[in-house]
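Novice: Sequence and predicted structure below; questions after.
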Amino acid sequence: MASKPIAVVTGGAGFIGSHMVDLLLKRGFSVRVIDSLVGGRERNLEHHGDNPDLACEWRDIRGVSEDDSLFKDSRYVIHFAGIGDIVPSIEQPTEYMEVNVQGTVRVLEAARAVGVEKMVYAASSSCYGLADTPTAEDHPIQPQYPYALSKNMGEQACFHWHKVYGLPVNAIRIFNAYGTRSRTSGAYGAVFGVFLKQKLEGKPFTVVGDGAQRRDFLYVTDVAKAFLAATETDRVGEVWNLGAGDPQSVNRLVELLGGEVVYIPKRPGEPDCTWADIAKITAELGWKPQVSFEAGVERILDNIDYWRKAPLWDPESISQATETWFKHLSNNGDRSGPS
């Protein structure tokens, strides 16, 4: 009996990474995970029990070596590991560059050493900054804060390794992924985690601005399927935008979640709308979103207890947490958007 193909998932205990592990195991892969557990949680993979096709190592990608045993005989590497959030990246830019750029280089070198058939990099739509919408892949790159810069530099490293060393690499620029197992701890950040804890505690939703801003939310299982398609395709050296292609307002999210609202100041450097032009990924990979926004929110509400231990944010704590954001991104050049 032929051995199963091996896929390495960096950040495999994280939000998107754990769903990627689910899909790969379902598709007959043997999966190896490396995760520092800074953002990831062992709990996200515990439903696999003692599955012999899943091996996990809890360590930092910055410690990956060229001859790292985790990568031995692997066919694919899918690279989600990294650190997110805007405010901490403004406060700790060196850490973000070390993890998201140098950590990526270490993963690239390990993948190159074993001759993988494909490596797929989880890039970020934040690289576009205040973008024209819908946003296509050829939109100018104009990161507004160190997190966005670090993720784009990691992407550039991937394509440099493709160009110089012939490493077969693709990248996907994720817009607004949401779903079960999204992070419950750490800095003030993604709207879902903030709102779900507020709903559990019977507190009002802290809506930024007037709530009319729209985000291209894509359910996490659809994200994982796109990454599998980008892995298995014969295409290399490609980048794709990934969203639902159907932006939803924060007010619509509040309507689906149900609850009272309190409004807080709009933040500089944030777009009024994120909207992925998904024509390229649809045409080239045959991928299409399957889970509607309404169905996705319903799935999250069915699992809302996951956010029981998440931090509870209110207008005062958010104001304190975003002080650095306002300090460094207000009046920093032309913030009206791209010309």
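Specialist: Yep, that arrived. Owing to the predicted nature of the structure, the values given are computational and were not obtained by experimental measurement. Numbers count the residues shown, from 1 in each chain.

Novice: So which residues of the stretch 151-300 of the chain form strands?
Specialist: In the stretch 151-300 of the chain, strands defined by DSSP state E, counting those that start in this stretch lie at 169-174, 176-178, 205-208, 214-215, 217-219, 239-242, 248-249, 261-264, listed in chain order.

Novice: Tell me, how many residues neighbour the residue nearest to D35 when sequence neighbours are not counted?
Specialist: Across the structure, with C-beta to C-beta, 6 or more residues apart in numbering as the measure, the residue nearest D35 apart from its sequence neighbours is A13 (4.0 Å). All C-beta atoms are positioned from the backbone trio N, CA, C, and that covers glycine. Residue crowding around A13 was assessed by other C-beta atoms under 10 Å; the count is 26.

Novice: And for the one 4 residues further on?
Specialist: Other residues near G17 come to 29 when the count uses other C-beta under 10 Å.

Novice: so it sits right up against V9, yeah?
Specialist: Yes: the pair G17 and V9 qualifies as a contact (C-beta atoms under 8 Å) at a distance of 5.4 Å.

Novice: joint contacts of those two?
Specialist: Between them, G17 and V9 share these contacting residues under C-beta atoms under 8 Å, 6 or more residues apart in numbering: 33, 78, 80.

Novice: Output these in TSV, with secondary structure and distance to V64 appended to each entry.
Specialist: As requested, those are arranged in TSV below (DSSP: H, G, I helix; E, B strand; the rest coil; distance: C-beta to C-beta, whole Å):
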residue	secondary structure	distance to V64
V33	strand	13
I78	strand	14
F80	coil	14
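
Novice: ok, so of these, who is nearest T184?
Specialist: F80 (17.2 Å; C-beta to C-beta).

Novice: who's in contact with that closest one?
Specialist: F80 sits next to 9-12, 14, 16-17, 20, 122 when contact means C-beta under 8 Å, 6+ apart.

Novice: Kindly report the same for T231.
Specialist: Shown in contact with T231 (C-beta under 8 Å, 6+ apart): 7, 76, 78, 118, 120, 170.

Novice: can we see that at 10 Å?
Specialist: For T231, the residues meeting the contact criterion (C-beta atoms under 10 Å, 6 or more residues apart in numbering) are 7, 20, 24, 29, 75-78, 116-120, 170.

Novice: Pull out the buried members of these.
Specialist: Neighbour counting with 16 or more other C-beta atoms under 10 Å marks 7, 20, 24, 29, 75-78, 116, 118-120, 170 as buried within the contacts of T231.

Novice: what ranges of the protein fall below the confidence cut-off?
Specialist: Low-confidence segments of the chain, defined by pLDDT under 70, are located at 1-2, 185-189, 331-339.

Novice: longest helix anywhere in it?
Specialist: Ranked by residue count and defined by DSSP state H, the top helix of the chain is helix 146-165.

Novice: For that helix, which helices and strands make contact with it?
Specialist: Of the remaining helices and strands, those touching helix 146-165 by 3 or more C-beta pairs under 10 Å, 6 or more residues apart in numbering; DSSP states H and E are helix 86-91, helix 93-97, helix 103-114, strand 118-124, strand 169-174, strand 239-242.

Novice: Could I get the buried residue list for the first one?
Specialist: Of the residues in helix 86-91, those buried under the neighbour-count criterion (16+ other C-beta under 10 Å) are 86-90.

Novice: Neighbours of E260, how many?
Specialist: The burial count assigned to E260 is 10, neighbours taken as other C-beta under 10 Å.

Novice: tell me which element S36 falls in.
Specialist: Of the helices and strands defined by DSSP states H and E, none includes S36.

Novice: Good, we can wrap up now.
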